[in-house]
Each structure stands twice: as C-alpha cells, then as structure tokens.
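Asker: Have a look at this prediction, sequence included:
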Amino acid sequence: RDKWLKPGGQMFPDHARLYMAGIEDAEYKEEKLGFWRHVRGFDLSPVAELAIGEPLSDIVDAAAMVTESQCILQIDLLTVTCAE
C-alpha cells in the first residue's frame, strides 16, 4: 500500500477483522491429530502433542462451535504500520 497506492487512492478491503471461537468436534480432532499415529507406517504421535499447541485457522461446521465468536483484532488496512 505504501509503495503502490496513490495519495487519496482507495483500497478494498480497507478493514480486516479476526474472529475466534471454541469448537468441539471429535471427528475433526481425529483428522488433524490422529494423522500423526500412522504416517507411512510410523507412529509419530509425539508430534501430535506439539501440533495441539499450535493455533489453527480453518473453516468448521457451525454445529461444532461451543462458544460465541468474538472479534479479537480489528485492523484499518489504510493506516496500519508494520510496527503495529
């Protein structure tokens, strides 16, 4: 934006929001973490312990949501700086 957008130029989208919600879905969990138990014939289940601590961005069925979603970050893309 700083390099290519002319003064007074418009940018779409000009705002971004990040939402978070808690989910419970045993099938989803098995798909993401159970995978590590059988990787080409090897049991890499210790990797699953590391993977469970990592944030995950994905699309899930609304029925799996167990909390209300909350906006945790709002960004004005026209004014945000790298330092922010």
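Answerer: Right, received. Where do you want to start?
Asker: can you give me the strands in this structure?
Answerer: Using DSSP state E, the strands of the chain run over 15-20, 70-76.
Asker: Count the residues that sit near residue 37.
Answerer: By the criterion of other C-beta atoms under 10 Å, residue 37 has 13 neighbours. Yep, even glycine has a C-beta here, placed from its N, CA and C like the rest.
Asker: what about it, distance to residue 64?
Answerer: 22 Å (C-beta to C-beta, to the nearest Å).
Asker: Next: residue 57.
Answerer: Between residue 57 and residue 64 the distance is 15 Å, computed by C-beta to C-beta.
Asker: Just give me the residue right at the centre of this structure.
Answerer: A centroid search over the chain (C-alpha atoms, centre = their mean) returns residue 57, at 2.3 Å, as the residue closest to the centre.
Asker: So which elements touch the helix or strand bottoming out on mean pLDDT in the chain?
Answerer: Counting by mean pLDDT, DSSP states H and E, the chain has its least confident helix or strand at helix 26-33, which shows a mean of 81. Judged by 3 or more C-beta pairs under 8 Å, 6 or more residues apart in numbering; DSSP states H and E, helix 26-33 is in contact with helix 45-52.
Asker: Quick one: work out the angle between the helix it packs on and helix 26-33.
Answerer: Between helix 45-52 and helix 26-33, the angle comes out at 110 degrees (axes from the mean of the first three to the mean of the last three C-alpha atoms, to 10 degrees).
Asker: what mean pLDDT does helix 45-52 have?
Answerer: Averaging pLDDT along helix 45-52 yields 84.
Asker: now do stretch 3-21
Answerer: 92.
Asker: thinking again about what came up before, please report how far the residue nearest to the centre of the chain lies from residue 6.
Answerer: For residue 57, the distance to residue 6 - C-beta to C-beta - is 32 Å.
Asker: Also residue 25?
Answerer: In terms of C-beta to C-beta, residue 25 sits 46 Å off from residue 6.
Asker: Which of the two has more residues huddled nearby?
Answerer: Between residue 25 and residue 6, counted using other C-beta under 10 Å, residue 25 has the larger neighbour count: 15 against 6.
Asker: got the contact list for the least confident helix or strand of the chain?
Answerer: Under the criterion C-beta atoms under 8 Å, 6 or more residues apart in numbering, residues 48, 51-52, 56, 60, 64 lie in contact with helix 26-33.
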